[in-house]
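Novice: Next one to model:
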Amino acid sequence: MIIRSVDFKGSHTELDKCPIGNLPEIVIAGRSNVGKSSFINSFLNRKNIAHTSGRPGKTQTLNFYLVNELFHFVDVPGYGYARVSKTEREKFGMMIEDYLLHRENLRLVILLVDFRHIPSEDDYLMYNFLKSYDIPCLVVGTKQDKISKNQRIKHEKIIQNELKLHADDYFIAYSATLKTNREKIAKIIESYIE
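Specialist: Residues are numbered from 1 along each chain as shown. From the prediction side, this is the model:
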């Protein structure tokens, strides 16, 4: 997938304010510190289209990025961040749930998990939420370059076993720095936006 254009199309908190039209949408979801912004910037070959922060929990809206004028990447607030108040976490959770269950443009959720660690309970709950509503899901293990080559197969198996990954779902390890497996991810995205 060659990225010809990327345009930020706005931040929204309500479904009826999201971009109109029927362009397919690919959601980027994951824990607050999993590297969602780094994944978006790396995958889209842009340095700062999604703002990275040393402070997890910065994304608090549904952020839309129009890619090649063909589809949107949608960055949703990260989950599991303790410094956000319980009220705020519940508000984010309801906003994300409303989007995932009612947005007709949604085609695929890319669920980011940290390749270095066993998936958290929040990762497991998010994956099972997607499965229970038959929402297509691609699980991507971020920060793959932080694990030595001889440990990567072991880490991949741990993640697949902990999440109880369904046979029809994919798991792909990714490095935002090296862009490892970018084309594999791109092919899966293309199959959902055609």
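Novice: What are the buried residues along stretch 2-21?
Specialist: Neighbour counts using 16 or more other CB atoms under 10 Å place Val6, Lys9, His12, Cys18 of stretch 2-21 among the buried residues. The way it works is simple: take the backbone N, C-alpha and C, and place the C-beta from them, glycine included.
Novice: again, but for stretch 29-45
Specialist: 29-32, 34-44.
Novice: Any idea how far apart the tips of that stretch sit?
Specialist: Criterion CA to CA, to the nearest Å; first-to-last residue distance in stretch 29-45 is 19 Å.
Novice: How far does that stretch sit from its chain's centre?
Specialist: 7 Å (CA atoms, centre = their mean, to the nearest Å).
Novice: and what of stretch 166-185?
Specialist: 12 Å.
Novice: Give me the helices and strands touching the lowest-mean-pLDDT helix or strand in the chain, please.
Specialist: Here the helix or strand of the chain ranked lowest by mean pLDDT, DSSP states H and E is helix 86-102, holding a mean of 78. When contacts are defined as 3 or more CB pairs under 8 Å, 6 or more residues apart in numbering; DSSP states H and E, helix 86-102 sits against strand 25-30, strand 62-67, strand 106-114, helix 121-132.
Novice: To Arg182, which of those lies closest?
Specialist: Arg182 lies closest, by CB to CB, to one member of the helices and strands packed on helix 86-102: strand 106-114, at 12.3 Å.
Novice: now that closest one and strand 25-30, what's the angle there?
Specialist: 20 degrees (axes from the mean of the first three to the mean of the last three CA atoms, to 10 degrees).
Novice: Just the ones in strands from the buried residues of stretch 2-21, please.
Specialist: Under the assignment DSSP state E, the buried residues of stretch 2-21 contribute Val6, Lys9, His12 to strands.
Novice: Out of the buried residues of stretch 29-45, list just those in strands.
Specialist: Within the buried residues of stretch 29-45, residues falling in strands by DSSP E are Ala29, Gly30.
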